[in-house]
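# Sharing a sequence plus its predicted fold:
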Amino acid sequence: MKLKKYCLVALISLVANFGFTQEGIPVYSDYLTDNYYLIHPSMAGVANCAKIRLTARQQWFGVDDAPSLQTLSMNGRLGDSPVALGGVLFNDANGYHSTVGGYATFAYHLMFSRNEIDLNMLSFGLSAGFLQYKLDESTFLAPGEIDAIINGGVQSATNFNMDFGFSYHFIDFYAHFTAKNILDNDGINWNGEDGFEYRNLRTYLLSSGYTFSKFGSEWSYEPSIMYMYRDATEESSIDINAKVYKEMDFGKVWGGLSYRRSLDGAQFQDGSGVSSQKLQYITPFVGVDYNNFVFAYTYSYQSNTVNFNTGGFHQFTLGFNFNCRREKYECNCPAIN
């Protein structure tokens, strides 16, 4: 019975996270807090400043071993060259499973502009990294209890994988495409030859947006969309986002709302019948750029009839911009200028 309880908790956690455990950095909504580099390697060094971003996410306060995620990223140009470098470290814990890892990124930016005023840029990025998966079974069994399929200790496995993508910026418009985990996984097998293996971790991300503002206005608006597709399970979801900025003397304040919906439903027993639901997240976020510092808070709420916990998911972002160059382009392009 104890084992069944642990398996049930792990399964619910897996479903609630849309199946992104052990696939590198989970794709949440933190990319909207000036952090596109976390999901798109081609965004390394795209801005006129080098960037450091630290994020911390905690789900289901009050629930033991609830999912949590911490990331530390840095990216920037090499001088005035079109070459950029970046790196990400992360720790993703989910119950008795955890993943720690790091990526290094190489990016290259091609300018098609006639001058430094018009923005017309195509960017490519490649990230490569190592991921270490851990399964802690040390508390699964009572003292003296024996189970053939439980190791009773901490098991680990290490894999190497790569992400590749490109971005296109044209004045106020942008589009990104990224293929994550493009290599086949080595096969994580905790329980010998008959254990569960999952080799295809490929996920495809496609996002696009446009920022507009009236001439001379302190306000600007950025609607955007992101589509996500998992190759192995053929699952997909879509994010619809709206973001607003206001220029201030000290920098900028901004905020917005994101709505994520799975395009694939899940069935469940509802009394004497069978019902279905699709995963839905509603995520408001707010942030401030104060001189070279960035502060942001994100709250995600799962708006489904059946879920593991009614509490929300909290995430904080702390950032610092350095080695800033002058703003070259006349555009509403907050990711660049």
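It's in. Remember, predicted model here, so these are calculated numbers, not experimental data. Numbering: from 1, shown residues only.
# So residue 156 is in contact with residue 137, correct?
No - between residue 156 and residue 137 there is no contact under CB atoms under 8 Å: 11.5 Å. Bear in mind the C-beta positions are built from the backbone N, C-alpha and C, glycine included.
# in the protein, which strand has the most residues?
strand 251-270 (DSSP state E).
# that older thread, of residue 156 and residue 137, who's got more company?
Neighbours per residue (other CB atoms under 10 Å) separate residue 156 from residue 137, with residue 137 holding more: 18 against 14.
# From residue 88, how far off is the more buried one?
29 Å (CB to CB, to the nearest Å).
# Whatever helix or strand comes next after the longest strand of the chain: partners in the sheet, and parallel or antiparallel?
Using DSSP states H and E, the next helix or strand after strand 251-270 towards the C-terminus is strand 273-290. Here strand 273-290 is paired, per DSSP bridges, with strand 251-270 (antiparallel), strand 293-302 (antiparallel).
# Contacts for strand 273-290, please.
18, 29, 32-34, 237, 250-269, 294-306, 317 (CB atoms under 8 Å, 6 or more residues apart in numbering).
# From the residues you listed, list the buried ones, please.
Among the contacts of strand 273-290, those classed as buried by neighbour count (16 or more other CB atoms under 10 Å) are 18, 29, 32-34, 237, 252, 254-256, 258, 260, 262, 294, 296, 298, 300, 302, 317.
# what are the bridge partners for residue 175, then?
For residue 175, the beta-bridge partners are residue 168, residue 208 (DSSP bridges).
# Number of residues surrounding it?
Using other CB under 10 Å, the number of residues around residue 175 comes to 15.
# what residues are up against it?
167-168, 206-208.
# Same question for residue 252.
245-246, 288-289, 334.
# give me that answer again for 7 Å
With contact set as CB atoms under 7 Å, 6 or more residues apart in numbering, residue 252 has these partners: 245-246, 289.
# Strands along the stretch 1-150 of the chain, start to end?
50-59, 68-77, 83-94, 97-111, 120-136 (DSSP state E, counting those that start in this stretch).
# export those to JSON lines and tack on distance to residue 145, mean pLDDT and mean neighbour count?
JSON lines is the format used below for the strands of the stretch 1-150 of the chain (distance: least, CB to CB, whole Å; pLDDT from 0 to 100; neighbours: other CB atoms under 10 Å):
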{"stretch": "strand 50-59", "distance to residue 145": "30", "mean pLDDT": "93", "mean neighbour count": "20"}
{"stretch": "strand 68-77", "distance to residue 145": "29", "mean pLDDT": "95", "mean neighbour count": "20"}
{"stretch": "strand 83-94", "distance to residue 145": "24", "mean pLDDT": "94", "mean neighbour count": "19"}
{"stretch": "strand 97-111", "distance to residue 145": "21", "mean pLDDT": "94", "mean neighbour count": "19"}
{"stretch": "strand 120-136", "distance to residue 145": "16", "mean pLDDT": "92", "mean neighbour count": "19"}
